[in-house]
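Enquirer: Requesting a structural model of the entry that follows:
(one chain, ligands or ions: 1)
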Amino acid sequence: MPEGDSLHRAAQRLQVLVGQRVEVETPHPRAAVKGLPGRLDGRRLEQVEAVGKNLLLHFEGGLVLRSHLRMKGRWRLERRGTARTGKPWLVLRGAEHEAVLWNGAVLELVGARGAPRLGPDILGEPPDYETMLARLRAEPEREVGDALLDQRLVAGIGNLWKAEALWEAHVSPWRRLEEVDDSELRAVLEAAHTSMRASVEGPRPARHVYRRAGRICPRCGGIVRSASQGANARTAYWCPGCQVGGNAPPS
Ligand SMILES: [Zn+2]
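Expert: Sure, this is the predicted structure:
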């Protein structure tokens, strides 16, 4: 699952095309039906930005192409004319490089003001913690591990960094938001920001609980657990020894 930090890396790679008029192709049949080349080919690419889990490509004339990677989508930057097999969803070709989107899932043209309603970006510099807290506070009944994945509340946190940030802040994913005070919630958000920012700029930081069920917690020696959580049944990872409280399922 691509996380917000991999979107930011893709946005960084695509910066070499910004300012250029690009050739636009949609080789994959499911992308071809969208008629994008007719509207975008030859336009200047003005800006590429990651907003939460969306990559927004701004073209001259106020056109914005939104790409959401879902589970399998990948952006690659290659030399112009690189041979490839298969049919990518989208190719943006500049003078020397081409950006290639594989397994696109979501690719749609939106107006400049048509971007989806997202919470503040966890990778913002600085992140808008006050608005994040306000949005999270609007849903007091929800479990914190579930709410952190809701992109309308906070944009960009995926399952990996959610699990790690909760562990860093000693907060159980099973506590309801009304049971988590502001300083704890802010510590979770700050931990997510710090780890994800480090991951954008270098190798991924070490994991402590994510996909480590049954192993020893490096902080307290407890046994890390996993269980399905929330309406979307995402897997929560936590250490019951140092992330206590909340309505955790029985082991
Ligand atoms: Zn522990």
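
Enquirer: going forward, measure contacts between C-alpha atoms and count neighbours the same way
Expert: OK.

Enquirer: In the stretch 1-150 of the chain, what residue lies closest to the ion?
Expert: residue 145 (16.5 Å; CA to the ion).

Enquirer: how far away is that residue from residue 216?
Expert: Distance of residue 145 to residue 216, given as CA to CA, to the nearest Å: 21 Å.

Enquirer: Flag every residue of the stretch 151-251 of the chain that's near the ion.
Expert: Within the stretch 151-251 of the chain, the positions adjacent to the ion are 217, 220, 222, 239, 241-242 by CA under 5 Å from the ion.

Enquirer: Of those residues, which qualify as buried by neighbour count?
Expert: Buried members of these, counted by 16 or more other CA atoms under 10 Å: 217, 222, 239, 241-242.

Enquirer: Could you let me know which of those ends up closest to residue 129?
Expert: residue 242 (24.6 Å; CA to CA).

Enquirer: what residues does stretch 65-79 touch?
Expert: 1-2, 10, 13-14, 53-59, 96-110, 115 (CA atoms under 8 Å, 6 or more residues apart in numbering).

Enquirer: Now do the strand or helix carrying residue 30: distance to the chain's middle.
Expert: Using DSSP states H and E, residue 30 maps to helix 29-32. Remark: helix 29-32 is offset 24 Å from the chain centroid, using CA atoms, centre = their mean, to the nearest Å.

Enquirer: Touching the helix or strand following it from outside, list them.
Expert: Using DSSP H and E, the helix or strand that follows helix 29-32 in sequence is helix 36-40. Here helix 36-40 makes contact (CA under 8 Å, 6+ apart) with 23-26, 59, 109.

Enquirer: which parts of helix 36-40 are buried?
Expert: Buried, per 16+ other CA under 10 Å, within helix 36-40: 36-37, 40.

Enquirer: helix, strand or coil for residue 189?
Expert: Residue 189 carries the three-state label helix when classified by DSSP: H, G, I helix; E, B strand; the rest coil.

Enquirer: just the CA coordinates of stretch 149-168, formatted as PDB?
Expert: What follows is stretch 149-168, C-alpha atoms only, in PDB (Å, rounded to 0.1, in the frame of the first residue of the first chain):
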ATOM      1  CA  LEU A 149      -6.800   6.400   8.600                       C
ATOM      2  CA  ASP A 150      -9.800   8.600   7.700                       C
ATOM      3  CA  GLN A 151      -8.300  11.000   5.100                       C
ATOM      4  CA  ARG A 152     -11.000  13.600   5.700                       C
ATOM      5  CA  LEU A 153      -9.600  14.000   9.200                       C
ATOM      6  CA  VAL A 154      -5.900  13.800   8.600                       C
ATOM      7  CA  ALA A 155      -4.500  13.200   5.100                       C
ATOM      8  CA  GLY A 156      -1.600  10.900   4.300                       C
ATOM      9  CA  ILE A 157      -1.300   8.500   7.200                       C
ATOM     10  CA  GLY A 158      -1.400   4.800   6.100                       C
ATOM     11  CA  ASN A 159      -1.600   1.700   8.200                       C
ATOM     12  CA  LEU A 160       2.200   1.400   8.700                       C
ATOM     13  CA  TRP A 161       2.800   4.800  10.100                       C
ATOM     14  CA  LYS A 162      -0.500   4.800  12.000                       C
ATOM     15  CA  ALA A 163       0.700   1.700  13.900                       C
ATOM     16  CA  GLU A 164       4.200   3.000  14.500                       C
ATOM     17  CA  ALA A 165       3.000   6.500  15.600                       C
ATOM     18  CA  LEU A 166       0.600   5.100  18.100                       C
ATOM     19  CA  TRP A 167       3.300   2.900  19.500                       C
ATOM     20  CA  GLU A 168       5.800   5.800  19.700                       C
END
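
Enquirer: I appreciate the help and will end here.
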